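J.: Need coordinates for the following:
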Amino acid sequence: NEIPIKGNDRIDQDAIAQTSRALFRSGNFDDVQIGRDGDVLVITLVERPSISEINIDGNKAIKTEDLLEGLKGSGLAVGQVFQRATLEQMRVELQRQYVSQGRYDATIETEVAEQARNRVAVNIDINEGTVAKIKHINNAVPSKNAVAGAPRIRRWTSVKSNAPGSQATATSHICAPIQR
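T.: Below is the predicted model:
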C-alpha cells in the first residue's frame, strides 16, 4: 500500500504532502495530483507504462541473453514499470562495455514505442563498431648522445597561503625548456 492514509482519517497539509511523496517515491507514477471535492480527498494518478517487449538488434560481441540479464538487473525487463532514466543509464553503461572491449566507435540507439493499454516496447539498436588495433610500437632505445643532449628538467616546490591562519598548500612543479 503506497498511500500512508486510510479511510476516515483526518487529513491535513502534512498528510497530503507525505502521501504525494510516497506515491512519487514508488516510481510507478509520472504524475500525482491531490485535490479536494467537498469532504472527499481526490487523488489523480498518471501511471508509468509497463514494458511489453525488449528488442535488441546488432549485437554480436555480447550475447542477447547476457544483455537481457543485465537489463533485468537494472530494472528493465518485460513486465516492469518503464523508467526512461533507467534506459539512459543502461545505454551509457552498455557504451562503456563496448569501449572497454576496444570498440571506440560503437553506438547504442534506443527507441521507446508506445503501445496499447499503457505499455511500451523498448528497441535497442547496437552498432558495435570495429575493434581498435595497435599498428606500430616503437621499441627503439635512444642513443647515449640523444640522452646526453636532452633538455634539463628542474623541479621545485612552492608554498602558498591565502589568508592568515589558513593552512598552507604545497604545489610541486616540473619545468623543462620547450624545444622549437
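
J.: isn't R48 right up against V81?
T.: Yes. Counting by CB atoms under 8 Å, R48 sits close enough to V81 to count as a contact (4.9 Å). Glycine gets a C-beta too; all of them are placed from N, C-alpha and C.

J.: And these two? Which one has more around it.
T.: R48 (19 against 16; other CB atoms under 10 Å).

J.: got a list of what the more buried one touches?
T.: Residues near R48 by CB atoms under 8 Å, 6 or more residues apart in numbering: 27-30, 81-83.

J.: what's the spacing between V32 and R10?
T.: Distance from V32 to R10, counting by CB to CB, to the nearest Å: 21 Å.

J.: More neighbours: these two, which one.
T.: Higher neighbour count among V32 and R10: V32, with 18 against 6, using other CB under 10 Å.

J.: neighbours around the spatially closest residue to the more buried one that is not a sequence neighbour, how many?
T.: Sequence neighbours aside, L23 is the residue nearest to V32 in space, at 4.6 Å (criterion: CB to CB, 6 or more residues apart in numbering). Here the number of neighbours of L23 (other CB under 10 Å) works out to 19.

J.: Can you say which helix or strand has the residue most central in space within the chain in it?
T.: The centroid of the chain falls nearest to Q89 when counting by CA atoms, centre = their mean (3.4 Å). For Q89, the enclosing helix or strand under DSSP states H and E is helix 84-100.

J.: Now the helix or strand just after that helix: average pLDDT?
T.: Tracing the chain past helix 84-100, the next element assigned as helix or strand by DSSP H and E is strand 107-115. Per-residue pLDDT over strand 107-115 has a mean of 96.

J.: Which helix or strand lies directly C-terminal to strand 107-115?
T.: Under the assignment DSSP H and E, the closest C-terminal helix or strand after strand 107-115 is strand 119-127.
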